[in-house]
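Chemist: Sequence and predicted structure are below.
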Amino acid sequence: MYRFLCSLRFAWAGIRHAVMTQPNMRIHLFFTAAVLAGAWWLAIPRDDLLLLLLFIALVLSLELVNTAIEAAVDLVTTNRHPLAKAAKDAAAGAVLVAAAASVVAGIIVFGPPLYRKIAEWLM
Ligand SMILES: Nc1ncnc2c1ncn2[C@@H]1O[C@H](COP(=O)(O)OP(=O)(O)OP(=O)(O)O)[C@@H](O)[C@H]1O
């Protein structure tokens, strides 16, 4: 039990480190808050909400992995190296793929209810 609590503390420290040092992590958190507020405002159904939560978790998790890879690469070398570039660029690419898919999922989930809301206002 003590080991498990230590693991939780280290994991939380990793999340805190990423939030403090990575501007992109703070941007993801801002959009996470905006998406959750929008989902509440538009009363998004449970299944769609689960989908949104899955994408939010995917993007935040990959940003944490990206942070870990950046730190590991910088630990190994501060010199320019094509493999260091390949590792960092691939990690950043993973975040981009997840973020792009999240935007598409957001449009699919939010599009129809947002359209209905705007149509209500205009009538
Ligand atoms: N040691 C290196 N050798 C070669 N290229 C590097 C090296 N370190 C960084 N780069 C290049 O510079 C880019 C930015 O690296 P940096 O470590 O500043 O990450 P970052 O700006 O914090 O990235 P992100 O926006 O994903 O958080 C990398 O994606 C890579 O293309």
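Modeler: Right, received. Where do you want to start?

Chemist: And the pLDDT for residue 3?
Modeler: pLDDT for residue 3: 87.

Chemist: And it, how far from residue 68?
Modeler: Residue 3 is 21 Å from residue 68, where distance means CB to CB, to the nearest Å. For glycine as for every other residue, the C-beta is placed from the backbone atoms N, C-alpha and C.

Chemist: Settle it for me: which of those two has more neighbours?
Modeler: For residue 3 versus residue 68, neighbours defined as other CB atoms under 10 Å are more numerous around residue 68 (14 against 7).

Chemist: check contacts around the more buried one.
Modeler: If you count contacts by CB atoms under 8 Å, 6 or more residues apart in numbering, residue 68 has them with residue 14.

Chemist: Can you check the pLDDT for it?
Modeler: pLDDT recorded at residue 68 is 98.

Chemist: Helix, strand, or coil at residue 25?
Modeler: When classified by DSSP: H, G, I helix; E, B strand; the rest coil, residue 25 comes out as helix.

Chemist: quick one: the helices in this structure?
Modeler: Using DSSP state H, the helices found in the chain span residues 2-21, 23-41, 46-76, 82-122.

Chemist: which one of these lies closest to the ligand?
Modeler: Distance to the ligand, taken as CB to the nearest ligand atom, is lowest for helix 82-122 among these, at 3.4 Å.

Chemist: Spell out whether the closest one and the ligand are in contact.
Modeler: Yes. Using CB under 6 Å from any ligand atom, helix 82-122 reaches the ligand at 84-85, 88-89, 92.
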